[in-house]
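Peer 1: Show me the folded form of this:
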Amino acid sequence: MNYPIYFDYNATTPCAPEVIEAMLPFFGVHFGNAASKSHPFGWIAENAVEEAREKIANLIGAKPKEIIFTSGATESINLAIKGTFESYVEEKQHYITCQTEHKAVLDTFSELEKIGAEVTYLPVDSNGTISLKDLENSIRSYTKMICLMWANNETGVIHPISEIAALAESRNIIFFTDGVQAAGKIPVSVSGIHLMALSAHKLYGPKGVGALYVRHNHSLPKPLAQIHGGGHEKGLRSGTLNVPGIVGFGKAAELRLMEMKEEGKRLEILRNRLESDILGIQGTILNGSQDNRLPHVSNISFSGVEGEELLKKINQKIAVSSGSACTSISPKPSHVLQAMALNPDLGRASIRFSLGRNTSLENVEFAAAWTSEVIESLRTN
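Peer 2: Sure thing, here's the model as predicted:
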């Protein structure tokens, strides 16, 4: 297949060659079950899992024992939120999140509301930023969790995590952050955080494996298991571990720790070049904060064109999306852009460009030229 040039790294990333190489032996030669404690096949698999656990912990400044492996970020989010709800099941419960969270968070809270939880969905301003004052004023005597993502998957906007963590700590409230788009892209630290969701395939690892950071040695309760059957992962997540995937996740985390700083600078330069060229097209608007955001993401609206046609045409030569991969086929404007009070027509005619490891200057120049050509043709037809 003649693929278009890839500009959708926030949806998923290709496995790094080093990641594939690290995984391959664990599909065949070292095929043991990490829970098999009585022979070398199991010992080798278990050692590989523990090495990966340490590498992932190093990426976020955690201890290896605080990393719980899951099938991906959606499962991690469900475990964190539903598991916390169940740990407080006899009490009145209130949660604080934001209108611009990923659907995995919003849909999970929607389910909890059906069974009695109270949820506050913080608004954002036109830049996609929350008010810390609004957050503080939303806290109730029975607030159990503040759940706010580190960086937005559609706009790249970064929340003030240190300030949120300090507020949660001062009020003795669990702080859970969806760190999927931040970890491996920018420096992150679990200092002051109780729970953090991670995903391998957003940082050049394989799909189908994620993790939940669970803070140890703290008085607030840990989430209760949502999957039972064997007591794997310290009793928090039963099931045979995906050893090849976990090995790949560990290798990816190791690579990102080494490459992240320099790669972030390179991608920011390329992103700014792409953005400058595209915003030179009349009737374009940058969505989200220009300053406090991830270095590789740009979300741009195009006036005077129909959103579905825009996406269909532009994807002929460059692979982009209109928002989260989970909702990329929807003709409706993104819930993130709606929360930012963007005009619905502009919301539908918005494109997220996300750059990555394989993006070159030539790719950026081509993408800008192709976008300009598409916009001109749509506006004149």
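Peer 1: tell me which residues in the host helix or strand of A368 are buried?
Peer 2: Of the helices and strands defined by DSSP states H and E, A368 is found in helix 361-380. By 16 or more other CB atoms under 10 Å, the buried positions in helix 361-380 come out as N363, V364, A367, A368, W370, T371, V374, I375, L378. (C-beta placed from N, C-alpha, C; glycine too.)
Peer 1: residues contacting the closest residue in space to T359 that isn't next to it in sequence?
Peer 2: Using CB to CB, 6 or more residues apart in numbering and skipping residues adjacent in sequence, the residue nearest T359 is L270, 5.9 Å away. By CB atoms under 8 Å, 6 or more residues apart in numbering, the contact list for L270 reads H296, L355, T359, S360, L361, V364.
Peer 1: Please apply the same query to H201.
Peer 2: By CB under 8 Å, 6+ apart, the residues touching H201 are T12, T13, G72, K207, G208, V209.
Peer 1: at 6 Å what do you get?
Peer 2: T12, K207 (CB atoms under 6 Å, 6 or more residues apart in numbering).
Peer 1: same check, this time on L355
Peer 2: Contacts of L355 by CB under 6 Å, 6+ apart are L267, L270, R271, H296.
Peer 1: Those in helices, which ones?
Peer 2: Members of the contacts of L355 lying in helices (criterion: DSSP state H): L267, L270, R271.
Peer 1: what's the neighbour count on the last one?
Peer 2: Residues contacting R271 under the criterion other CB atoms under 10 Å number 22.
Peer 1: just I318 next, same as before
Peer 2: 20.
Peer 1: Can you tell me which residue is spatially central in this protein?
Peer 2: V180 (2.6 Å; CA atoms, centre = their mean).
Peer 1: Isn't that residue up against A73?
Peer 2: Yes: between V180 and A73 a contact is recorded at 4.8 Å, counting by CB atoms under 6 Å.
Peer 1: got any residues that touch both of the two?
Peer 2: Common neighbours of V180 and A73, using CB under 6 Å, 6+ apart, are S199.
Peer 1: Once you drop chain neighbours, what's closest to L361?
Peer 2: Leaving aside its chain neighbours, L361 sits nearest to L270 (6.4 Å; criterion: CB to CB, 6+ apart).
Peer 1: confidence score at the one you found?
Peer 2: pLDDT for L270: 98.
Peer 1: can you check the one 3 residues further on too?
Peer 2: You'll see R273 listed with a pLDDT of 98.
Peer 1: same thing with the one 3 residues further on?
Peer 2: The predicted local distance difference test score for S276 is 97.
Peer 1: Quick check: what element follows the host helix or strand of it along the chain?
Peer 2: Of the helices and strands defined by DSSP H and E, S276 is found in helix 243-278. Proceeding N to C from helix 243-278, the next assigned helix or strand is strand 284-286, under DSSP H and E.
Peer 1: could you point out which element follows that next one?
Peer 2: With DSSP H and E, the next secondary element past strand 284-286 is strand 297-302.
Peer 1: helices or strands up against that next one?
Peer 2: Counting contacts by 3 or more CB pairs under 6 Å, 6 or more residues apart in numbering; DSSP states H and E, strand 297-302 is packed against helix 243-278, strand 284-286, strand 350-354.
Peer 1: buried stuff in the next helix or strand after that strand?
Peer 2: Per DSSP H and E, the first helix or strand lying C-terminal to strand 297-302 is helix 307-314. By 16+ other CB under 10 Å, the buried positions in helix 307-314 come out as G307, L310, L311, K313, I314.
Peer 1: Generate JSON lines for the residues you listed, with pLDDT and distance to V19 as supplementary columns.
Peer 2: JSON lines is the format used below for these (pLDDT from 0 to 100; distance: CB to CB, whole Å):
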{"residue": "G307", "pLDDT": "91", "distance to V19": "35"}
{"residue": "L310", "pLDDT": "95", "distance to V19": "34"}
{"residue": "L311", "pLDDT": "94", "distance to V19": "30"}
{"residue": "K313", "pLDDT": "96", "distance to V19": "33"}
{"residue": "I314", "pLDDT": "96", "distance to V19": "29"}
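Peer 1: I'd guessed F26 sits against V247; true?
Peer 2: Yes: under the criterion of CB under 6 Å, F26 makes contact with V247 at 5.3 Å.
Peer 1: So these two - more neighbours on which side?
Peer 2: Between F26 and V247, counting by other CB under 10 Å, V247 is the more crowded of the two (27 against 22).
Peer 1: Isn't the more buried one up against A48?
Peer 2: Yes: assessed by CB under 6 Å, V247 is found in contact with A48 at 5.2 Å.
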